[in-house]
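Peer 1: how would this look folded up:
(chains A, B and C)
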Amino acid sequence: MHGVILGTNPQVQVVDLCHQVLPQNVSQAAFLLRSAYPYFPTGTIFVAVVDPGVGSGRRILCLATPRYRFLAPDNGLLSLVEAPGQWIQVANRRYFLDVVSHTFQGRDIFAPVAAHLSLGLDPAELGPIVNDPQRLPANVPQRIRGELRAQVVHVDHFGNLITNASAADLAALGSNYTISIGQVELPGLHQTYTSVPPGELVALIGSSGQLEVAVSSGSASQRLGAGVGTAVLIRLRGRC
Amino acid sequence: MHGVILGTNPQVQVVDLCHQVLPQNVSQAAFLLRSAYPYFPTGTIFVAVVDPGVGSGRRILCLATPRYRFLAPDNGLLSLVEAPGQWIQVANRRYFLDVVSHTFQGRDIFAPVAAHLSLGLDPAELGPIVNDPQRLPANVPQRIRGELRAQVVHVDHFGNLITNASAADLAALGSNYTISIGQVELPGLHQTYTSVPPGELVALIGSSGQLEVAVSSGSASQRLGAGVGTAVLIRLRGRC
Amino acid sequence: MHGVILGTNPQVQVVDLCHQVLPQNVSQAAFLLRSAYPYFPTGTIFVAVVDPGVGSGRRILCLATPRYRFLAPDNGLLSLVEAPGQWIQVANRRYFLDVVSHTFQGRDIFAPVAAHLSLGLDPAELGPIVNDPQRLPANVPQRIRGELRAQVVHVDHFGNLITNASAADLAALGSNYTISIGQVELPGLHQTYTSVPPGELVALIGSSGQLEVAVSSGSASQRLGAGVGTAVLIRLRGRC
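Peer 2: Numbers count the residues shown, from 1 in each chain, chains lettered A, B, ... in the order given. Next up is the predicted model:
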């Protein structure tokens, strides 16, 4: 993909945003993209190829917002992009490689289209407007009788467990709650990883604005045997 | 290596092509290079340092083709570059770092030579012409009584098993064959990973033009316990 | 971090130096930085965010040397930078992102400050001079009755074990010594990995100028079950 992009636009800066998405995990990819994209400069083109349906009839979409361009399969990967924008189907073969494989369209379609966009191509040239892009079901905690049932949506390099519960979700509960994962119950939120001694569990609001369970100077994922999908319960005290 | 290159040519674009080669696996490196290099623009310099013999008497070679320059140890790593070209020994210490280690010549020789080439250095300045570069034995399937004995040459990030059997090798068998790996027999080729339900095995021609065994939305490597070197048999039906 | 940097300086070259530091291992990070930084061109800004105390009261420091700028937490990570320089506390919020998280200051402080430095910002603008940066205890072998007690400080991609014993440490012992790790004793130094047959252990001075224990065409880490912290003993012969 780097080679194809640089072949069309030798001046463009290419950043490898992330290679840590679990295979085919569109929901995790959507979360990671949402965490990172607002920090990139205006004009950035995001190429997001988590694409279990590659080579099938699934569409490829371009989302054009006032600041950015996004390219992704029509599988919900862009569900968490918050800016309003125009959706266009990537259909104009003029901007594809001459030979398009069934298994690596990141190289054969996404990369050359992204390179053309970086040279100023109007997204409207890519194909027809789309009004029904796929959306992921909202990945938010379930509120059941005062209990918030969240889950882990990403495990980072350090083994920190990032959940789908936002700071606002927790604030709505007040401040008198506990946070449980497996058999472990944490008494509430701290501000930093080192608010507790090394080796102890800590819950905090992480850098993406979400509830995170960590081990100070350690790996919560290893300690708890937890991963993407593990349940995290936030319970109001004095209820059962 | 990045630091050394940018010290000589601050304007050059450096792409990390791949860090997934198994240690010392020259044959896998040759395959991966062949899969990627034709997609890079004219003028690209490929620096391929899979170099089990680093520091020994093995030569370092530059292959100059009409479109590209390649730098590699003389161990067969460039065997699958298809364009004809001139081979030159990298011997002129003028383009090396002042101090050359016995264990990291990627940094001390390959990187500075590549940077000078990117500034337009004529490869002929690097050293004498070489007429006997090492070649890997052709890594092709064996045909034995109507059966094609292929093997896995690369396992990608998804656990897909890429073999040394090309689309042409299979076409030469007609279309009435089965594909076996371990105890599993697949009835023939599909076009995409999702031609079968999630979790099922599928064989197809992958993006490098080779026979590939995959699990739809899963890892064939994990499922089958297969890796580089695992045998894959293509058998004509109605024979035993 | 890439996004933030490019937002302030779209022309800068960003190199990912290393993502292999063990979580929170400041000592290993210091070693890796020391191995790499002298190979980068004058003017390079090193952003070293191994930061177990992120969000706590720990300071962030800039070290300005004649050739380079370094940014790191005040945790000893820059202890092995050999050039003399001026230490400045990174305190001026004018160069931070507007919102600073407690858990990812690489993105919110280090990246924007680095981008401003790359545009020519005088480090003196960042904050007050610091006279008492934290230093790691010198990570050097202990000499006990003619025996040098070293330890592994890094395991590279190949499983080679790099120790804290330098070429000079060994030279000071003369040449009549053995090198022991676990139950294995090696008779002395070789020059290259292939000085011994494939699969055999070999000791040599590696590319960072340190004693290294390797397996020719194999992984010493796997063979010996060794990792960062494993003891390596250098014993003069004829003593016990």
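
Peer 1: What residue spans form the domains of chain A?
Peer 2: Here the domain parsing of chain A from automatic domain parsing is A:2-126, A:142-236.

Peer 1: Using CSV, please lay out the ones you listed together with mean neighbour count, mean pLDDT and distance to chain C.
Peer 2: For the C-beta atoms, the positions are set from N, CA and C on the backbone; glycine is no exception. As requested, the domains of chain A are exported to CSV (neighbours: other CB atoms under 10 Å in any protein chain shown; pLDDT from 0 to 100; distance: least, CB to the nearest CB, whole Å):
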stretch, mean neighbour count, mean pLDDT, distance to chain C
domain A:2-126, 18, 95, 4
domain A:142-236, 18, 93, 3
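
Peer 1: Indicate which one of those domains is closest to residue C:233.
Peer 2: With respect to residue C:233, and counting by CB to CB, the nearest of the domains of chain A is domain A:142-236 at 29.0 Å.

Peer 1: Now look at the closest one and say if it contacts chain B.
Peer 2: No. Counting by CB under 8 Å from any CB of the partner chain, chain B has no neighbours in domain A:142-236; the shortest distance is 14.8 Å.

Peer 1: is chain B contacted by the longest helix anywhere in chain A?
Peer 2: Longest helix in chain A by number of residues, with DSSP state H as the criterion: helix A:26-36. No. Contact of helix A:26-36 with chain B (CB under 8 Å from any CB) is absent, the minimum separation being 10.7 Å.

Peer 1: which element follows that helix toward the C-terminus?
Peer 2: Sequence-wise, the next helix or strand downstream of helix A:26-36 (DSSP states H and E) is strand A:45-47.

Peer 1: And the next helix or strand past that following strand?
Peer 2: Reading on from strand A:45-47 to the C-terminus, the next helix or strand found by DSSP H and E is strand A:60-64.

Peer 1: Which residue ranges of chain A form helices?
Peer 2: A:2-8, A:26-36, A:105, A:111-118, A:167-171, A:220-224.

Peer 1: Mind listing residues that contact the first one?
Peer 2: The list of residues contacting helix A:2-8 from outside it, by CB atoms under 8 Å, 6 or more residues apart in numbering or on different chains, reads A:12, A:14, A:97, A:107-108, A:111-112, A:114-116, A:118-119, B:13, B:15, B:17, B:36-37, B:39-41, B:44.

Peer 1: hmm, 7 Å instead?
Peer 2: A:12, A:14, A:97, A:107, A:111-112, A:114-116, B:13, B:15, B:36, B:39-41 (CB atoms under 7 Å, 6 or more residues apart in numbering or on different chains).

Peer 1: Please apply the same query to the last one.
Peer 2: Residues lying outside helix A:220-224 but in contact with it, judged by CB under 7 Å, 6+ apart, are A:155, A:159-161, A:181-182, A:184, A:201, A:213-215, A:226-227.

Peer 1: and it, how far from the chain's centre?
Peer 2: 22 Å (CA atoms, centre = their mean, to the nearest Å).

Peer 1: if I look at the spatially most central residue of chain A, how far off is residue A:74?
Peer 2: By CA atoms, centre = their mean, chain A has its centre lying nearest to residue A:31, at 2.2 Å. Relative to residue A:74, residue A:31 is positioned 18 Å away (CB to CB, to the nearest Å).

Peer 1: go on, residue A:139?
Peer 2: From residue A:139 across to residue A:74, the span is 18 Å (CB to CB).

Peer 1: Dihedrals phi and psi, residue A:66?
Peer 2: Phi and psi for residue A:66, reported as degrees, to the nearest 10, are phi -60, psi -30.

Peer 1: which residues sit in contact with it?
Peer 2: Counted by CB under 7 Å, 6+ apart, residue A:66 has contacts residue A:83.

Peer 1: correct me, but residue A:190 touches residue A:204?
Peer 2: Yes. Using CB atoms under 7 Å, residue A:190 is in contact with residue A:204, at 5.2 Å.

Peer 1: by contact count, what packs against the longest helix of chain A?
Peer 2: Secondary-structure packing of helix A:26-36 (3 or more CB pairs under 7 Å, 6 or more residues apart in numbering or on different chains; DSSP states H and E): strand A:147-155.

Peer 1: Next, report how far the strand it packs on is displaced from the centre of its chain.
Peer 2: 14 Å.

Peer 1: Mind giving me the packing neighbours of it?
Peer 2: Here strand A:147-155 touches helix A:26-36, strand A:161-166, strand A:231-236, going by 3+ CB pairs under 7 Å, 6+ apart.

Peer 1: what residues does that strand touch?
Peer 2: Under CB under 7 Å, 6+ apart, the answer for strand A:147-155 is A:27-28, A:31-32, A:139, A:141-142, A:161-165, A:169, A:173, A:211, A:221, A:226-235.

Peer 1: repeat for stretch A:230-240
Peer 2: For stretch A:230-240, the surrounding residues in contact (CB under 7 Å, 6+ apart) are A:146-152, A:161, A:163, A:165, A:170, A:173, A:176-181, A:213.

Peer 1: at 6 Å what do you get?
Peer 2: A:146-152, A:163, A:176-181 (CB atoms under 6 Å, 6 or more residues apart in numbering or on different chains).

Peer 1: farthest-separated two in these?
Peer 2: Across the contacts of stretch A:230-240 (CB to CB), the longest gap, 23.6 Å, separates A:152 and A:176.

Peer 1: Now for residue A:113: which residues touch it?
Peer 2: Counting by CB under 6 Å, 6+ apart, residue A:113 has contacts A:90, A:95.

Peer 1: Return the backbone torsion pair for residue A:52.
Peer 2: Dihedral angles (degrees, to the nearest 10) for residue A:52: phi -60, psi -20.

Peer 1: so residue A:62 makes contact with residue A:90?
Peer 2: Yes. Between residue A:62 and residue A:90 there is a contact under CB atoms under 6 Å: 5.5 Å.

Peer 1: Next, show the common contact partners of those two.
Peer 2: With CB under 6 Å, 6+ apart as the test, residue A:62 and residue A:90 both reach residue A:126.

Peer 1: Give me the contacts around stretch A:77-84.
Peer 2: Under CB under 6 Å, 6+ apart, the answer for stretch A:77-84 is A:26, A:29, A:30, A:34, A:48, A:50, A:63, A:65, A:70, A:72, A:135, A:136.

Peer 1: Over to stretch A:165-174?
Peer 2: A:141, A:150, A:205, A:209, A:210, A:211.

Peer 1: Ends of it, what's the gap?
Peer 2: Start and end residues of stretch A:165-174 are separated by 14 Å (CA to CA, to the nearest Å).

Peer 1: can you give me how far that stretch is from the chain middle?
Peer 2: 20 Å.

Peer 1: now swap in stretch A:31-48 and tell me
Peer 2: Stretch A:31-48 has its C-alpha centroid displaced from the chain centroid by 10 Å (CA atoms, centre = their mean).
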